[in-house]
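[1] Have a look at this fold, sequence not included:
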């Protein structure tokens, strides 16, 4: 069986491919596509037996794919959306996996897919209805964070966060005044729940607010170095593959 992965985060795509190979070695991941444009071009020419598709892609929502090309392949979505948004999948009989994807959940999803496939009970999904359901819902981005320090607990408004960074397997939230706190979420999870107009994942280790950018400098290999406010504990450099999207984000 041949399948494809539509996912803009290279590490997430690689991890998903690895888990698929582990729980279902008979599934061959033919290709990994990073965005809407690449997916549309591919699906205009190919019809994979199964698609793993992230909802939030670097060049827009994956639902934009269904507006531009007729998709007849079954889709397993990967998403960090909350239960409210997931109602759309349940209504339209589309399967989904919460990120970060776990082996057991993927295995169960594939077992369900194979059972339907072998029983020839897979119906053509009404993607137009699915798209309408999501368009009718307002996506609620994260508004507050609950953090602990010592024996105290407090809430921080998202608008008061300058940036997030990963260091030594921990993720830190940095407030605009300079205080920092450890979070339980990963940067991948945060990226899915924050407003993409306000926050951008510049590399594996930083997720920054546009308000936190103080200065920018040209760097080697077409990269961009950023001075953040408050000052970051380590260099913040926009990765080569992220630079074009970063420039687009700044200019929107």
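    The structure has been received and is ready for your questions. This one's a predicted model, so the numbers in the text were calculated from it and none came from an experiment. Numbers count the residues shown, from 1 in each chain.
[2] contacts, neighbours, all on C-alpha from now
    Noted.
[3] so what's residue 200 bridging to?
    Per DSSP bridges, the residues bridged to residue 200 are residue 208.
[4] correct me, but it touches residue 213?
    No. Using CA atoms under 8 Å, residue 200 makes no contact with residue 213, being 11.1 Å away.
[5] Look at these two and report which has more neighbours.
    Neighbours around residue 200 and residue 213, counted as other CA atoms under 10 Å, are more numerous at residue 200. The numbers are 22 against 16.
[6] Stretch 29-42: which residues count as buried?
    Residues of stretch 29-42 classed as buried by neighbour count (16 or more other CA atoms under 10 Å): 29, 32, 33, 34, 35, 36, 39, 40.
[7] Low-confidence ranges, the stretch 1-150 of the chain, go.
    Residue ranges of the stretch 1-150 of the chain with pLDDT under 70: 80-94, 119-140.
[8] please redo it, this time with the cut-off set to 50
    Confidence mapping of the stretch 1-150 of the chain against pLDDT under 50 gives the ranges 84, 91-93, 122-123.
[9] quick one: the strands in it?
    For the stretch 1-150 of the chain, strands defined by DSSP state E, counting those that start in this stretch occupy the ranges 2-6, 28-33, 50-54, 56-57, 60-61, 75-79, 95-98, 144-149.
[10] For residue 77, list the residues it contacts.
    For residue 77, the contact set (CA atoms under 8 Å, 6 or more residues apart in numbering) comprises 52, 53, 54, 55, 94, 95, 96, 97.
[11] and the residues you listed as a markdown table, adding neighbour count and distance to residue 150?
    Shown next, in a markdown table, are the contacts of residue 77 (neighbours: other CA atoms under 10 Å; distance: CA to CA, whole Å):
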| residue | neighbour count | distance to residue 150 |
| --- | --- | --- |
| 52 | 22 | 42 |
| 53 | 27 | 41 |
| 54 | 26 | 37 |
| 55 | 19 | 37 |
| 94 | 17 | 44 |
| 95 | 17 | 42 |
| 96 | 21 | 38 |
| 97 | 21 | 35 |
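[12] Bridged to residue 78, which residues?
    So, taking DSSP bridges as the rule, residue 78 has residue 54, residue 97 as bridge partners.
[13] and it, how many neighbours does it have?
    By other CA under 10 Å, 21 other residues sit near residue 78.
[14] please begin residue numbering at 16 from this point
    OK, 16 is where the count begins now, so the last one is residue 93.
[15] So what does residue 228 look like in phi/psi?
    Phi and psi for residue 228, reported as degrees, to the nearest 10, are phi -80, psi 120.
[16] Let me see the confidence value for the closest residue to it other than its chain neighbours.
    Spatial nearest neighbour of residue 228, chain neighbours left out: residue 243 (4.9 Å); criterion: CA to CA, 6 or more residues apart in numbering. On the pLDDT scale, residue 243 is placed at 97.
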